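> below: sequence and its predicted model.
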Number of protein chains: 2
Amino acid sequence: MVQKETRLRGRPRSFDPDEVLDKARAVFWNLGYAATSLDDLATATGLNRPSLYAAFGDKHALYMAALDRSRTEATTALGAALATEAPLRAVLQTIFDRTVDIYRRGEEGQRGCFLVGTAVTQAVDDPQARALLAAFISETDGLFRARFERDAASLAPGVTPAGAAPMASGTFHTLAVRARTGASEADLKAIAHAAVTMICAA
Amino acid sequence: MVQKETRLRGRPRSFDPDEVLDKARAVFWNLGYAATSLDDLATATGLNRPSLYAAFGDKHALYMAALDRSRTEATTALGAALATEAPLRAVLQTIFDRTVDIYRRGEEGQRGCFLVGTAVTQAVDDPQARALLAAFISETDGLFRARFERDAASLAPGVTPAGAAPMASGTFHTLAVRARTGASEADLKAIAHAAVTMICAA
DNA sequence: TGATATTCATACCGTTTCGCACAAAATAGC
DNA sequence: GCTATTTTGTGCGAAACGGTATGAATATCA
């Protein structure tokens, strides 16, 4: 275990918290929070419970850390993609096509989007998950809206940036729901194409 | 307990399975399948476990019965609404506005759509829930598509029935996700309006 | 080298979970 | 009135649950 910094005394950690968080997220991604047990997480991460608790706190904190990671990754990637200097139609088509590819991943079946796929069910009874998902949706809306405002001439007639932004985010949502439900690549790509067609001018 | 039909001998049931199913659905709707315990269900329905088992089989069967009820109710209502003889724009606006009102209901917070709100999380690991949700989405797509084909002249330029149908279903999905996450009536109604604007000709 | 601090491994805890067993209650049939 | 059948009410069992306690292992510090 190579430490890049002076470390405090004591036995060194045998794992990288970032890797462990990714592995835990993969289990939560398939099963959702409530159906994922500590045994599931211990098995997937190769860690015993006390190690998981020491690193993350408890099951809920681990789940929230995983949600937050997905949120950060998704908004960072979307921001970069929307900053691309290219025609809006092409930018959107690329974003949605890549999204389809990501949402169709999964060893146990297509798992869609971690946030929509699991935090939606949590939302009624778990205020932290609800707030994080709401923030994610709001950020997504905002990123789309800003790009649409910069490129308003590229929107279809009668379509405003304020109206188009949640529809673009909504395309993520329906792709996520459908992908997790087993929809084919062709069907999802057709929906992506339809969304671009309806948002952008011909 | 008034029986409308000749009944077999034995002690009569003290409950109406339809009412019990509704009460159970309300709990599942808030918590999702995995986080709902048999104690939760027994408390909500006022029945003991053996009675629940005798009537529905087991927890999963009860959940599936509740999902199927929501699916039937939703597709029946959508079919009727889409059969309305009125301009497409008005029909769609009414459907989405009513949907917003339904998705904003809930005593513990807005609970959105039972199918999207809970079956999506189940989908990876529960083939029955996944199949039911997939069927629901397919039926919704089909109903929209049929109406759009009958009214193709009312779609926005360049928008086809095949393209518009999943976008309309997708509007349900994003409304469901957002409602369950706490979005305001005004925001949801604005999204409904934007969807209609993008699907229908001016 | 011994003291101190941190992490890992093992075992354990109290509680909850789902589903079942069985006797009592309530009806219909003869 | 007795028998057969279905439902209810109570209790139960085995397993699973999230989390904790404790000693051993592994490092740094003095």
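All right, it came through fine. Numbering: from 1, shown residues only, chains lettered A, B, ... in the order given.
> tell me the contacts of the residue sitting nearest the centre point of chain A?
The centroid of chain A falls nearest to A:Ser70 when counting by C-alpha atoms, centre = their mean (4.4 Å). Taking C-beta atoms under 8 Å, 6 or more residues apart in numbering or on different chains, we find A:Ser70 in contact with A:Arg25, A:Cys113, A:Phe114, A:Leu115. (C-beta placed from N, C-alpha, C; glycine too.)
> can you add neighbour count and secondary structure and give the residues you listed back as CSV?
Below are these laid out as CSV (neighbours: other C-beta atoms under 10 Å in any protein chain shown; DSSP: H, G, I helix; E, B strand; the rest coil):
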residue, neighbour count, secondary structure
A:Arg25, 20, helix
A:Cys113, 24, coil
A:Phe114, 23, helix
A:Leu115, 25, helix
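> for DNA strand D, state which of those residues is nearest.
Compare each of the contacts of A:Ser70 with DNA strand D using C-beta to the nearest atom of the strand and the shortest gap goes to A:Arg25, at 15.4 Å.
> on the pLDDT front, check that closest one for me.
Per-residue pLDDT puts A:Arg25 at 97.
> follow-up on the earlier one: and the contacts of A:Ser70 near DNA strand C, which?
Contacts with DNA strand C are made by none of these, judged by C-beta under 7 Å from any atom of the strand.
> follow-up on the earlier one: now the residue nearest to the centre of chain A: how far from A:Leu132?
9 Å (C-beta to C-beta, to the nearest Å).
> so what's the residue count around the residue in chain A that DNA strand D sits nearest to?
Nearest to DNA strand D, among the residues of chain A, is A:Arg9, at 2.8 Å (C-beta to the nearest atom of the strand). A:Arg9 has 5 neighbouring residues, counting by other C-beta atoms under 10 Å in any protein chain shown.
> how about A:Leu41?
21.
> do the one 10 residues further on as well
With neighbours defined by other C-beta under 10 Å, the count for A:Ser51 comes to 16.
> measure the residue nearest to the centre of chain A to chain B for me?
15 Å (C-beta to the nearest C-beta, to the nearest Å).
> A:Gly109 now?
For A:Gly109, the distance to chain B (C-beta to the nearest C-beta) stands at 5 Å.
> wasn't that residue part of a strand?
No: the assignment for A:Gly109 (DSSP: H, G, I helix; E, B strand; the rest coil) gives coil, which keeps it out of a strand.
> where's the residue of chain A found nearest DNA strand C, which helix or strand?
The minimum distance from chain A to DNA strand C, using C-beta to the nearest atom of the strand, falls at A:Gly10 (2.0 Å). A:Gly10 belongs to no helix or strand when assigned by DSSP states H and E.
> residues near it, how many?
6.
> now do the one 5 residues further on
Other residues lying near A:Phe15 total 15 when counted by other C-beta under 10 Å.
> report the contact partners of it.
When contacts are counted by C-beta under 8 Å, 6+ apart, A:Phe15 touches A:Thr45, A:Gly46, A:Leu47, A:Ser51, A:Ala55.
> what of A:Ala35?
So A:Ala35 contacts B:Tyr33, B:Ala34, B:Asp125 (C-beta under 8 Å, 6+ apart).
> what is the nearest of the residues you listed to chain A?
Nearest to chain A among those: B:Ala34, at 3.7 Å, using C-beta to the nearest C-beta.
> A:Asp40 is in contact with the closest one, correct?
No: counting by C-beta atoms under 8 Å, A:Asp40 is not a contact partner of B:Ala34; they are 11.9 Å apart.
> those two: which has the busier surroundings?
Under the neighbour definition other C-beta under 10 Å, B:Ala34 and A:Asp40 were set side by side, and B:Ala34 has more, 21 against 15.
> what kind of secondary structure is the more buried one in?
coil.
> what sits against it?
A:Leu31, A:Gly32, A:Ala34, A:Ala35, B:Thr121, B:Gln122.
> so how far is A:Thr36 from it?
Distance from B:Ala34 to A:Thr36, by C-beta to C-beta: 9 Å.
> likewise A:Pro127?
Counting by C-beta to C-beta - A:Pro127 and A:Thr36 are separated by 19 Å.
> how about A:Gln110?
For A:Gln110 relative to A:Thr36 (C-beta to C-beta), the value is 18 Å.
> how about the nearest residue to A:Gln93, chain neighbours excluded?
Excluding its sequence neighbours, the residue lying closest to A:Gln93 (C-beta to C-beta, 6 or more residues apart in numbering or on different chains) is A:Val196, at 5.0 Å.
> mind checking what secondary structure the one you found has?
Relying on three-state DSSP, one would call A:Val196 helix.
> number of nearby residues for it?
Neighbourhood size, A:Val196 [other C-beta under 10 Å]: 22.
> that one against A:Ile95, yeah?
No: A:Val196 lies out of contact with A:Ile95 (C-beta under 8 Å); the separation is 9.1 Å.
> who's in contact with stretch A:161-168?
Outside of stretch A:161-168, the residues within contact range by C-beta under 8 Å, 6+ apart are A:92, A:141-142, A:144-145, A:148-149, A:152, A:155, A:195, A:198-199, B:167, B:171, B:174, B:178, B:187, B:190-191, B:193-195, B:197-198.
> residue ranges with poor pLDDT in chain A?
A:1-6 (pLDDT under 70).
> contact residues of it facing DNA strand C?
A:8-15, A:47-51, A:54-55.
> again, only this time at 6 Å
Within chain A, the positions near DNA strand C by C-beta under 6 Å from any atom of the strand are A:Leu8, A:Arg9, A:Gly10, A:Arg11, A:Arg13, A:Ser14, A:Phe15, A:Asn48, A:Arg49, A:Pro50, A:Ser51, A:Ala54.
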